[in-house]
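Enquirer: just need the structure, nothing else, for what follows:
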Amino acid sequence: MFSIRRSNERGHFNHGWLNTYHTFSFDQYYDPRYMGFRSLRVINEDFVAPGRGFPKHGHRDMEIITYILEGALQHEDSMGNGSVIRPGDVQRMTAGTGVRHSEQNGSTDEPVHLLQIWIVPSADNLEPSYEQKAFSIAERQHQLRLIASRDGREDSVSVNQDVSLFAGIIESGDQVNYAIDETRYGWLQIARGAVEVNGERAQQGDGVVIVAESNLSIVATEPAEVLLFDLA
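Expert: The predicted structure follows:
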């Protein structure tokens with residue numbers, strides 16, 4: 001079974017420095033129909049203006065994944081980590097018992113386009129931790145590359161939840177396939193471009209809900225970048 005959370009139905013706020021779209025209820029946006037999907041709690045598509053960013057703020061009991069599409073984001077946190085996150089980088093932060101962090105677009109002329117993802121962890125009060133890995137275009141092109149998983153297999157970042165997250169860059173006309181256990185659930189987020197998923201058309205910002213399916217066929221109708229969540 002498929003259903004599609006359309007891009008133009010998401011929550012949207014333009015704060016000037018931040019143009020943001022919320023797939024699920026978040027902050028000022030509330031829709032009781034979209035409080036999350038399984039352990040997937042947040043998918044925010046953010047466009048951060050040059051020289052601006054998120055000031056230091058706190059989180060707890062959440063797995064936070066940042067995926068950059070364009071530009072670069074400077075990260076600092078209360079664990080002592082400082083890094084720059086660029087396209088192809090995947091950052092995972094376990095907020096656990098509590099973390100404070102900030103993100104800043106250090107460029108004076110280029111915006112940052114990113115997806116921020118929150119996953120509810122399998123347990124509360126975990127020790128805060130941080131991980132960042134880079135996945136080249138070649139690793140993600142023409143396939144679905146595992147970028148996050150519970151056990152950190154295949155050199156993915158590790159998350160404290162039964163979820164496998166894949167990223168794929170698909171050229172127009174190309175097809176990638178994925179076999180999913182029918183007892184599990186899928187969410188396909190179209191980060192850029194447009195695809196057909198088992199014949200259903202989806203475009204940038206759309207989320208495809210996948211329930212009781214065994215095989216996914218993803219065909220790019222234009223150059224596309226996708227994230228696939230395989231969820232318990």
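Enquirer: residue boundaries of the helices in this structure?
Expert: Taking DSSP state H, the helices of the chain run over residues 137-140.
Enquirer: mind checking the longest strand of it?
Expert: strand 215-231 (DSSP state E).
Enquirer: let's see that strand as PDB, backbone CA atoms only.
Expert: Taking C-alpha atoms only, strand 215-231 is exported to PDB below (Å, rounded to 0.1, in the frame of the first residue of the first chain):
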ATOM      1  CA  ASN A 215       9.400  -4.700  -3.600                       C
ATOM      2  CA  LEU A 216      10.100  -1.100  -4.500                       C
ATOM      3  CA  SER A 217      10.900   0.100  -8.000                       C
ATOM      4  CA  ILE A 218      12.100   3.700  -8.000                       C
ATOM      5  CA  VAL A 219      12.500   5.300 -11.500                       C
ATOM      6  CA  ALA A 220      13.800   8.800 -11.900                       C
ATOM      7  CA  THR A 221      11.700  10.900 -14.300                       C
ATOM      8  CA  GLU A 222      14.200  13.600 -13.800                       C
ATOM      9  CA  PRO A 223      17.600  13.600 -12.000                       C
ATOM     10  CA  ALA A 224      16.700  12.800  -8.400                       C
ATOM     11  CA  GLU A 225      18.100  12.300  -4.900                       C
ATOM     12  CA  VAL A 226      16.100  10.200  -2.400                       C
ATOM     13  CA  LEU A 227      16.200   9.000   1.200                       C
ATOM     14  CA  LEU A 228      14.600   5.600   2.000                       C
ATOM     15  CA  PHE A 229      13.800   4.700   5.600                       C
ATOM     16  CA  ASP A 230      13.300   1.000   6.400                       C
ATOM     17  CA  LEU A 231      11.500   1.000   9.700                       C
END
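Enquirer: packing partners of it?
Expert: If you count contacts as 3 or more Cβ pairs under 8 Å, 6 or more residues apart in numbering; DSSP states H and E, strand 215-231 packs onto strand 163-170, strand 175-179, strand 185-197. Heads up, the C-betas are built off the backbone N, CA and C, glycines and all.
Enquirer: tell me the most buried of those strands?
Expert: Sort the helices and strands packed on strand 215-231 by mean neighbour count, taking mean count of other Cβ atoms under 10 Å, and strand 163-170 sits at the top with a mean of 24.
Enquirer: now do that strand against strand 215-231, angle only.
Expert: On the basis of axes from the mean of the first three to the mean of the last three Cα atoms, to 10 degrees, strand 163-170 is oriented at 140 degrees to strand 215-231.
Enquirer: contact partners of strand 163-170?
Expert: Contacts of strand 163-170 with the rest of the structure, by Cβ atoms under 8 Å, 6 or more residues apart in numbering, involve 39-40, 65, 67, 90, 117, 119, 135, 137, 140-150, 156, 159, 176, 178, 193, 195, 218-220, 223-232.
Enquirer: I'd like to know which of these are buried.
Expert: Buried members of the contacts of strand 163-170, scored by 16 or more other Cβ atoms under 10 Å, are 39-40, 65, 67, 90, 117, 119, 135, 140, 143-149, 156, 159, 176, 178, 193, 195, 218-220, 224-231.
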